[in-house]
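Chemist: Take a look and give me a structure for this.
(4 chains)
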Protein chains: 2
Amino acid sequence: MAKSSGKTSNKLVGNANNRRATSYDVARLAGVSQSAVSRCFKAGASISAKTRTKVEKAAKELSYQPNAIARGLITRRSNIVAVIITDLTNLNYPEVLSHLNRRLEEKNVHILLFTLGRESDVDKVLDQVWQYQVDGIIAAAQLTREQIEACDSRGLPIVFYNRVYPDSTVSSVCCDHGEGERQLVDGLLADGRRSFVVMSGPSDSWVSTARAKGAVTRLQEENVEISQVEGDYSYPRAVELVREMIDEGGSRPDAIICANDTMAIGCMDALRHEFDIKVPQDIAVVGFDGVSAATWSSYQLTTVVQPVERMVAAAVNMLIERVDDPELPAEKRLFAGQLQYGKSALLG
Amino acid sequence: MAKSSGKTSNKLVGNANNRRATSYDVARLAGVSQSAVSRCFKAGASISAKTRTKVEKAAKELSYQPNAIARGLITRRSNIVAVIITDLTNLNYPEVLSHLNRRLEEKNVHILLFTLGRESDVDKVLDQVWQYQVDGIIAAAQLTREQIEACDSRGLPIVFYNRVYPDSTVSSVCCDHGEGERQLVDGLLADGRRSFVVMSGPSDSWVSTARAKGAVTRLQEENVEISQVEGDYSYPRAVELVREMIDEGGSRPDAIICANDTMAIGCMDALRHEFDIKVPQDIAVVGFDGVSAATWSSYQLTTVVQPVERMVAAAVNMLIERVDDPELPAEKRLFAGQLQYGKSALLG
DNA sequence: AAAATTATTGCATTCGCAGTCATTCTGTTT
DNA sequence: AAACAGAATGACTGCGAATGCAATAATTTT
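Modeler: Prediction:
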């Protein structure tokens, strides 16, 4: 602490020439024009080896880095995409975000991250997105038709992640929630389950609705008992719902179909530890997503695993294609989920 | 699908006048100068109510949004900070990121997100960070002294999240890992535990090292058995380590001290389900972080909860202060974790 | 009502880089 | 050696907004 001689002076130097080096500084030091410096940092530009060497030497000396902001201003390409996500605490999204980052990085594109507290914040977020001249948007959030059109009219490509606008020409990648639920239900039916609770997520979540509807639609084809409860994707709420369900003392269902894994885990814990109900013997529980906790040996959840990696790769490719060529028509890609047999339900 | 008359034409229009409106466009339409438009969008600028009205009307008509990139070029303030995170799949980080986003949003600052595959990628990431003229960095990753100095010399403030550089003048917020571990160990000792396994995270993680060292240091003050194993913060690896530990058939420890909750959960699952060992009766397990899964009733982990919200708020405030005034001296803030008693260890 | 004061406004310039164009240099061909 | 093609280079302009300064308008003071 006392002997801070070297370090602090260093800091003063840094603040003295507060300005970062520009291409002009490099040009002057290298004895070339600013254009030459610019060309040196652009692939495929016409520049001689000799000049390049001089420039690179000077650039290193000044630790020059081209200013991506200024470059973006003139090229109209920021190499930034906005990622709009509703709820990071959803166990599924960190994985999505992680893959997104890796895939985009490969293309030298960066992520400006926006998370939504309430859905009503979308307008505010979009304002910011526009101001920052991002090249495109990956949205894991619901946008109104007006909002989509506003992006459209600005020539700003969007790819939706896990939501689909059936009668609108917007691009999206999506897991086939309906089909996934159908598989789960088929398995449960084959297993002899006859009375069901469908636990949906928050009502404003398109994904939750798609899943719940998928399950219910399939169930209604059979002569079985169905009741629906509305959760919020969270563990504690699922526990509460199970309490209400069991405490009310009505007939217990044979199976609970949860709109995501986190709630399924909550149900299992509540059933087993609060009511000593055997899962899957007494009640089967299934989820959706394939989060890592689903494989933990306390749960071994039967669920549908979303092919996150492929979905993300598809979303990124679709978006970048449309950034490069805005005339490309919209495209919707639907990925089948992978049924994962666990021990929370006796299937197949 | 067939009647796409309205929509598609809309798209064509959007692409026709491909350019977004600029302040000049607004100025022309409003019959004022570009300066007036600029002032209209800057808080506290000198502008009459009459002009403001005209400008706002024109701006709305053209759906004009000031170009944050161009603004950043001249103000030297991008209102973007880089967030560098090692591993998003670490259950603790999504929560951190979520709070970061909320806090920064309040200050109208945005997040350019960088995740690190390997630590060696730091240089590449820093290059990008510099190019994008971010106002500052929040780093939940390890930087070398050279890298820190490089940021310093560019006048780029950094605040480290959960890592500390003892003999260096960099700002950081940090949970007191050592003290947290001490509390855990004290509890375990009071509970009569005499032989311990300390399961660290990856060796290149500063946090893991700090925690393991904290536990070991405290343990060495007592006459107890200590052995150390190296995990990687992950569930599956913790399971493997427990297998090795138990299968080897040596004497079983009384307690396993894990460097994070995820591994603690892995240990509990392995002990209970693979070896039918009772937790906490036979072996106590403790973790660190306070992730949500730690409270699930299957685990009810005894752990130290990091005050994430306060830590994030502190990090954001410290960073923004230093963006506003780069002369501010570095500051290190250490937050005590909150011991959370669960049923994975009989403490207190 | 004239002078003094203050509040608005527009002009011109700047931020840092990329791309256009005209010019110079290099190397090839005859 | 002259003529030429192609590569390399530099001067200059513009991307879109912010700002210092000077000019002008609105307001207050006397």
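Chemist: Show me which residues of the stretch 151-300 of chain A are close to chain B?
Modeler: Neighbours of chain B within the stretch 151-300 of chain A, by C-beta under 8 Å from any C-beta of the partner chain: A:152-155, A:167-169, A:235, A:239, A:265-266, A:268-270, A:272-274, A:292-293, A:296-299. C-betas here are computed from N, CA, C, even on glycine.
Chemist: Flag the shaky bits of the stretch 51-200 of chain A, pLDDT-wise.
Modeler: A:119-120 (pLDDT under 70).
Chemist: Just the strands from it, written as ranges.
Modeler: With strands called from DSSP state E, counting those that start in this stretch, the stretch 51-200 of chain A shows them at A:80-85, A:110-115, A:136-140, A:158-161, A:171-175, A:195-200.
Chemist: Turn the ones you listed into TSV, columns for mean neighbour count.
Modeler: As requested, the strands of the stretch 51-200 of chain A are exported to TSV (neighbours: other C-beta atoms under 10 Å in any protein chain shown):
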stretch	mean neighbour count
strand A:80-85	25
strand A:110-115	24
strand A:136-140	26
strand A:158-161	25
strand A:171-175	24
strand A:195-200	23
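Chemist: Need these in JSON lines (columns: distance to residue B:337).
Modeler: Formatted as JSON lines, the strands of the stretch 51-200 of chain A follow (distance: least, C-beta to C-beta, whole Å):
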{"stretch": "strand A:80-85", "distance to residue B:337": "28"}
{"stretch": "strand A:110-115", "distance to residue B:337": "25"}
{"stretch": "strand A:136-140", "distance to residue B:337": "32"}
{"stretch": "strand A:158-161", "distance to residue B:337": "35"}
{"stretch": "strand A:171-175", "distance to residue B:337": "38"}
{"stretch": "strand A:195-200", "distance to residue B:337": "34"}
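Chemist: Put together CSV for those, with distance to DNA strand D on each row.
Modeler: Below are the strands of the stretch 51-200 of chain A laid out as CSV (distance: least, C-beta to the nearest atom of the strand, whole Å):
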stretch, distance to DNA strand D
strand A:80-85, 15
strand A:110-115, 18
strand A:136-140, 17
strand A:158-161, 21
strand A:171-175, 25
strand A:195-200, 43
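Chemist: Of those, give the one that comes closest to residue A:63.
Modeler: strand A:110-115 (20.7 Å; C-beta to C-beta).
Chemist: helices and strands around the closest one, which ones?
Modeler: Under the contact criterion of 3 or more C-beta pairs under 8 Å, 6 or more residues apart in numbering or on different chains; DSSP states H and E, strand A:110-115 touches strand A:80-85, helix A:93-106, helix A:122-131, helix B:93-106, strand B:110-115.
Chemist: between these, which gets nearest to residue B:71?
Modeler: Here helix A:122-131 is closest among those (C-beta to C-beta), at 8.4 Å.
Chemist: other SSEs contacting the closest one?
Modeler: Contacts defined by 3+ C-beta pairs under 8 Å, 6+ apart place helix A:122-131 against strand A:80-85, strand A:110-115, helix A:145-153.
Chemist: got the angle between the second one and helix B:122-131?
Modeler: For strand A:110-115 and helix B:122-131, the angle between their directions (axes from the mean of the first three to the mean of the last three C-alpha atoms, to 10 degrees) works out to 80 degrees.
Chemist: From the chain's centroid, how far away is strand A:110-115?
Modeler: Mean C-alpha position of strand A:110-115 versus that of the full chain (C-alpha atoms, centre = their mean, to the nearest Å) differs by 11 Å.
Chemist: and the angle from that strand to strand A:136-140?
Modeler: Between strand A:110-115 and strand A:136-140, the angle comes out at 40 degrees (the same axes, to 10 degrees).
Chemist: Work out the sheet partners of strand A:110-115 and label each with its direction, please.
Modeler: strand A:80-85 (parallel), strand B:110-115 (antiparallel) (DSSP bridges).
Chemist: Would you mind writing the CA trace of it as PDB?
Modeler: Extracted in PDB, the C-alpha atoms of strand A:110-115 (Å, rounded to 0.1, in the frame of the first residue of the first chain):
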ATOM      1  CA  HIS A 110     -21.900  -8.400 -30.400                       C
ATOM      2  CA  ILE A 111     -24.900  -8.500 -28.000                       C
ATOM      3  CA  LEU A 112     -26.600  -5.500 -26.600                       C
ATOM      4  CA  LEU A 113     -28.600  -7.000 -23.900                       C
ATOM      5  CA  PHE A 114     -32.100  -5.900 -22.900                       C
ATOM      6  CA  THR A 115     -34.200  -7.600 -20.300                       C
END
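Chemist: so where do the helices sit in the stretch 201-348 of chain A?
Modeler: Assigned helices in the stretch 201-348 of chain A, in chain order: A:206-220, A:235-247, A:261-269, A:275, A:308-324 (criterion: DSSP state H, counting those that start in this stretch).
Chemist: Which residue would you name as the spatial centre of chain A?
Modeler: The residue lying closest to the centre of chain A (C-alpha atoms, centre = their mean) is residue A:96, at 4.3 Å.
Chemist: Quick one: residues contacting that one.
Modeler: Residues in contact with residue A:96 (C-beta atoms under 8 Å, 6 or more residues apart in numbering or on different chains) are A:85, A:140, A:161, A:308, A:311, A:312.
Chemist: Please apply the same query to residue A:104.
Modeler: A:81, A:110, A:111, A:316.
Chemist: Excluding covalently adjacent residues, which one is nearest to the last one?
Modeler: The shortest distance from residue A:316 to any residue that is not its chain neighbour, by C-beta to C-beta, 6 or more residues apart in numbering or on different chains, is 4.2 Å, and that residue is residue A:103.
Chemist: Check the first one too.
Modeler: The shortest distance from residue A:81 to any non-neighbouring residue, by C-beta to C-beta, 6+ apart, is to residue A:136 (4.8 Å).
Chemist: Surely the one you found and residue A:160 touch.
Modeler: No. If you go by C-beta atoms under 8 Å, residue A:136 and residue A:160 don't touch, sitting 11.7 Å apart.
Chemist: got the residues of chain A near DNA strand D?
Modeler: Applying C-beta under 7 Å from any atom of the strand, we find that chain A lies next to DNA strand D at A:31-36, A:39, A:46-48, A:50-51, A:70, A:73-74, A:76.
Chemist: Please narrow these to those residing in helices.
Modeler: A:34, A:35, A:36, A:39, A:50, A:51, A:70, A:73, A:74 (DSSP state H).
Chemist: pLDDT wise, what is residue A:296 at?
Modeler: With respect to pLDDT, residue A:296 scores 97.
Chemist: Give me the phi and psi for residue A:248.
Modeler: Here is the backbone geometry of residue A:248 (degrees, to the nearest 10): phi -60, psi -20.
Chemist: Let's see the pLDDT reported for the closest residue to residue A:186 other than its chain neighbours.
Modeler: In space, and not counting its chain neighbours, residue A:186 is closest to residue A:218: 7.3 Å by C-beta to C-beta, 6+ apart. At residue A:218, the predicted lDDT confidence score is 96.
Chemist: again, but for the one 10 residues further on
Modeler: Confidence at residue A:228, expressed as pLDDT, is 95.
Chemist: before we move on, the earlier item: turn the helices and strands packed on helix A:122-131 into JSON lines, including distance to DNA strand C.
Modeler: Output for the helices and strands packed on helix A:122-131, formatted as JSON lines (distance: least, C-beta to the nearest atom of the strand, whole Å):
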{"stretch": "strand A:80-85", "distance to DNA strand C": "15"}
{"stretch": "strand A:110-115", "distance to DNA strand C": "15"}
{"stretch": "helix A:145-153", "distance to DNA strand C": "24"}
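Chemist: Identify whichever of those lies nearest to residue A:208.
Modeler: Among the helices and strands packed on helix A:122-131, strand A:80-85 sits nearest to residue A:208 (C-beta to C-beta), with 15.5 Å.
Chemist: so the closest one versus helix B:93-106, what angle?
Modeler: Using the same axes, to 10 degrees: strand A:80-85 against helix B:93-106 is 110 degrees.
Chemist: if we look at strand A:80-85, which residues are touching it?
Modeler: Contacts for strand A:80-85 (C-beta under 8 Å, 6+ apart): A:72, A:93, A:96-97, A:100, A:104, A:109-116, A:122, A:125, A:129, A:132-141, A:319, A:323, B:112-113, B:132.
Chemist: One more: stretch A:170-178?
Modeler: So stretch A:170-178 is contacted by A:148, A:157-165, A:207, A:210-211, A:213-214, A:217, A:288, A:304, A:306-307, A:311, A:314-315, A:318-319, A:322, A:330-337 (C-beta under 8 Å, 6+ apart).
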